[in-house]
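What would the 3D arrangement of this be:
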Amino acid sequence: MLNYLWFFLAALFEIAGCYAFWMWLRLGKSAWWVVPGLLSLSLFALLLTRVEAAYAGRAYAAYGGVYIVASLLWLAAVERTRPMLSDWLGAAICLLGAAIILFGPRLGWR
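Numbers count the residues shown, from 1 in each chain. Reported below is the predicted structural model:
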């Protein structure tokens, strides 16, 4: 379960970092938004290394499902846009896939 905490925190910092660039390039905000964006993206990379996985590629693949859920939460909380039912259904399917990728090797699934 600690892996999901690392995944969620990594997703939060990745989304925040990318959103800082979005604000600068798409919303016309100051280029100074790049500074917290780069810091946030650096924290994202560091947090993702905390995941207990034998291979980086497997950790990144499993992270994808958590990232999708976190993106929808960001959409609701920061951008004040309500995700649709289809968004949540798709996210649930992706999260199930992430769990299979992450825990499959521990269950002996080869």
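
And the strands in the chain?
For the chain, strands defined by DSSP state E do not occur.

Tell me where it has helices.
2-25, 34-48, 56-77, 85-103 (DSSP state H).

for the last one, packing partners?
Helices and strands in packing contact with helix 85-103 are listed as helix 56-77; criterion 3 or more CB pairs under 8 Å, 6 or more residues apart in numbering; DSSP states H and E. Any C-beta I mention is one placed from the backbone N, CA and C, and that applies to glycine too.

send the alpha carbons of the helix it packs on over as CSV?
Extracted C-alpha coordinates of helix 56-77, given in CSV (Å, rounded to 0.1, in the frame of the first residue of the first chain):
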residue,chain,number,x,y,z
ALA,A,56,11.7,0.8,-13.4
GLY,A,57,9.5,0.1,-16.4
ARG,A,58,7.1,-1.9,-14.3
ALA,A,59,6.9,0.8,-11.7
TYR,A,60,6.3,3.4,-14.5
ALA,A,61,3.6,1.3,-16.1
ALA,A,62,1.8,0.8,-12.8
TYR,A,63,2.1,4.5,-12.0
GLY,A,64,0.1,5.3,-15.1
GLY,A,65,-3.2,4.1,-13.5
VAL,A,66,-2.6,6.2,-10.4
TYR,A,67,-1.6,9.2,-12.6
ILE,A,68,-4.9,9.0,-14.4
VAL,A,69,-6.9,9.1,-11.1
ALA,A,70,-4.8,11.9,-9.8
SER,A,71,-5.4,13.9,-13.0
LEU,A,72,-9.1,13.6,-12.6
LEU,A,73,-8.9,14.8,-9.0
TRP,A,74,-6.8,17.7,-10.2
LEU,A,75,-9.4,18.5,-12.8
ALA,A,76,-12.0,18.7,-10.2
ALA,A,77,-10.1,20.4,-7.4
